[in-house]
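Asker: Okay, predicted coordinates and the sequence, questions at the end:
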Amino acid sequence: MTGTKDRQNSTAVTCTVHVSHSSQATAQAAKPQRTIVVYGIPDGLLEDDIMTDILMIHFQKAKNKGGDVEDIVYPTPTKGVAYITFEDRQENVLAKAEHHLQDKRLPVDCPLKVSLYGESVFICVSCLLDLSILREKNTLEDLVEDLRKNFTALSFGTLHSNGQITVQGPFSSIHSLQNKLALKVHNSLSKSDVKSGRKESKADHRSNTKPAKSDLSLEVSNNFVQSTKKEGLIVALDTDIYLYMKTFKEKMYQKSLEKCGVNSYEVRDGEITTIYLDNDPSNPSLGQLELAKSMVEYMAADLQSCLRKERLSLEGFSRVEKHKHEQACENVNSQYPHVLVLPYSTYIDIIGTSSDIYEFTQQVNKMVRHFQKDSWR
């Protein structure tokens, strides 16, 4: 038994997955061992061409374990992220513990994070964390410093007075960060519940009234990608991976859950979809629940390793032009049955293997040009 719920309320941990959608970045798929992802670049401080030049200089210096740079893709649809391709395979640049962008044209030194460009939908995740709920039990500055030390693959922005901070990095690291924070909140609330429970029990003994349900516990249950139910487990996925899995692996997905005797429902919150897994009441078993979680995670990881996404922008297009692109995608989709097309108001997302989406977009562009020629006649 499965269901899907779209959440409209705000979230305490909002993660938005950004990937490269330009044809330049798609071309990097053929050079994954020579391309790195750089994040933490100060956005808006300098002109794009100047920042590109500074990045070029930094990653060609021997002291930064760089090499001859073949190409730089900057800016990208994800703010603060660049893709740098070297002429030769460069692993040394990843081995350098810290990268600091230093140049007289920059007002301050800027710490950078780098990772190898993988053949995956999840190139970089930009995550807005709201840590304000932890303010009562923690000094947020100390908490952020602790997170920096424990999640070295992530780039942390400035902590704002409202408790919000932007974090960038690989999806797997962001996911681990989410789980750590969710556990911290859950443990914090559990301790609070114990204390409040003692007070409430005394009050109940005196007044014989039932205490109201805590709004705070509801908020945490809704806002964190972590189940507060002891009998339930969760799986957090990128929404695109979830949609691809449900479109092309639905039977396998359902069969896996049924085999384990597990029910599920999904909550879509923008770019992140959370799958909540619960035991069938007639067959409660934590072992089966954990097995179901592992099977779903394995399916998602398998897709993550081979899928890519291309975005066709429709910004500034007329209604007729948008329709032509949508029609072209629909026509071409019949030739590529394993490509998922997701049309939105200002863009169309195309998800599939690297080779499929490259050929798919070429065919779509060719068909759109054909439509335009016909309209001119």
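Answerer: Cool, the structure landed.
Asker: Give the buried residues for stretch 348-355.
Answerer: Under the neighbour-count criterion of 16 or more other Cβ atoms under 10 Å, stretch 348-355 has Ile348, Asp349, Ile350, Ile351, Gly352, Thr353, Ser354 buried. Placement of C-beta: from N, CA and C, glycine included.
Asker: Equivalent analysis for stretch 161-175, please.
Answerer: By neighbour count, and taking 16+ other Cβ under 10 Å as the criterion, the buried residues in stretch 161-175 are Gly163, Gln164, Ile165, Thr166, Val167, Gln168, Gly169, Pro170, Phe171, Ser173, Ile174, His175.
Asker: Apart from its chain neighbours, what residue comes closest to the third one?
Answerer: Translated: Ile165. Using Cβ to Cβ, 6 or more residues apart in numbering and skipping residues adjacent in sequence, the residue nearest Ile165 is Leu159, 4.7 Å away.
Asker: Could you pull up phi and psi at the one you found?
Answerer: For Leu159, the backbone dihedrals (degrees, to the nearest 10) come out as phi -80, psi 120.
Asker: Confirm for me that it is in contact with Leu140.
Answerer: Yes: using Cβ atoms under 8 Å, Leu159 is in contact with Leu140, at 6.1 Å.
Asker: Find residues that contact each of those two.
Answerer: Taking Cβ atoms under 8 Å, 6 or more residues apart in numbering as the criterion, Leu159 and Leu140 both touch Leu131.
Asker: quick one: the strands in the stretch 1-150 of the chain?
Answerer: For the stretch 1-150 of the chain, the strands defined by DSSP state E, counting those that start in this stretch occupy 4-6, 13-18, 35-39, 69-73, 81-86, 99-101, 110-116, 124-130.
Asker: partners of the fifth one in the sheet?
Answerer: Pointing back at strand 81-86 there. Here strand 81-86 has these sheet partners by DSSP bridges: strand 35-39 (antiparallel), strand 69-73 (antiparallel).
Asker: closest one to Arg89 among those?
Answerer: Distances from Arg89 to each of the strands paired with strand 81-86 were compared using Cβ to Cβ; the shortest belongs to strand 35-39, at 9.9 Å.
Asker: model confidence over the closest one, on average?
Answerer: Mean pLDDT, computed over strand 35-39, is 85.
Asker: Over to stretch 282-291?
Answerer: Computed over stretch 282-291, the mean pLDDT rounds to 78.
Asker: can you check stretch 111-121 too?
Answerer: Taken as a whole, stretch 111-121 has a mean pLDDT of 70.
Asker: how long is stretch 128-135 end to end?
Answerer: Terminal residues of stretch 128-135 are spaced 16 Å apart (Cα to Cα, to the nearest Å).
Asker: Report the buried residues of that stretch.
Answerer: Of the residues in stretch 128-135, those buried (16+ other Cβ under 10 Å) are Leu129, Asp130, Leu131, Ile133, Leu134.
Asker: any chance of the residues you listed in a markdown table, plus pLDDT and distance to Leu257?
Answerer: What follows is the buried residues of stretch 128-135, written out as a markdown table (pLDDT from 0 to 100; distance: Cβ to Cβ, whole Å):
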| residue | pLDDT | distance to Leu257 |
| --- | --- | --- |
| Leu129 | 81 | 31 |
| Asp130 | 81 | 32 |
| Leu131 | 85 | 34 |
| Ile133 | 80 | 32 |
| Leu134 | 82 | 33 |
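Asker: and which of those residues is nearest Val364?
Answerer: The nearest member of these to Val364, counting by Cβ to Cβ, is Leu129 at 37.0 Å.
Asker: what's the spacing between the closest residue in space to the closest one that isn't next to it in sequence and Asp109?
Answerer: What sits nearest to Leu129 in space, not counting adjacent residues and going by Cβ to Cβ, 6+ apart, is Ile165, at 5.2 Å. According to Cβ to Cβ, to the nearest Å, Ile165 stands 20 Å off from Asp109.
Asker: ok, how many other residues are close to the residue nearest to Ile165?
Answerer: 17 (other Cβ atoms under 10 Å).
Asker: quick one on the thing from earlier: secondary structure element for the residue nearest to Leu129?
Answerer: With elements delineated by DSSP states H and E, Ile165 resides in strand 164-169, which encompasses its position.
Asker: quick one: strands adjacent to that strand?
Answerer: strand 124-130 (antiparallel), strand 155-156 (antiparallel).
Asker: on that earlier part again, right, and the strands paired with strand 81-86 - which one's nearest Leu303?
Answerer: Ranking the strands paired with strand 81-86 by proximity to Leu303 (Cβ to Cβ) places strand 35-39 first, at 19.8 Å.
Asker: residues making contact with the closest one?
Answerer: 28, 55, 59, 78, 80-86, 90, 93-94, 99, 112-117, 123-124, 155, 168-169.
Asker: Show the buried residues in those residues.
Answerer: Judged by neighbour count, with 16+ other Cβ under 10 Å as the criterion, the buried members of these are 28, 55, 59, 78, 80-86, 90, 93, 99, 112-115, 117, 123-124, 155, 168-169.
Asker: need the contact list for the closest residue to Glu330 other than its chain neighbours.
Answerer: Nearest residue to Glu330, sequence neighbours excluded (Cβ to Cβ, 6+ apart): Val341, at 7.4 Å. The contact partners of Val341, taken as Cβ under 8 Å, 6+ apart, are Cys329, Glu330, Asn333, Ile348, Asp349, Ile350, Ile351.
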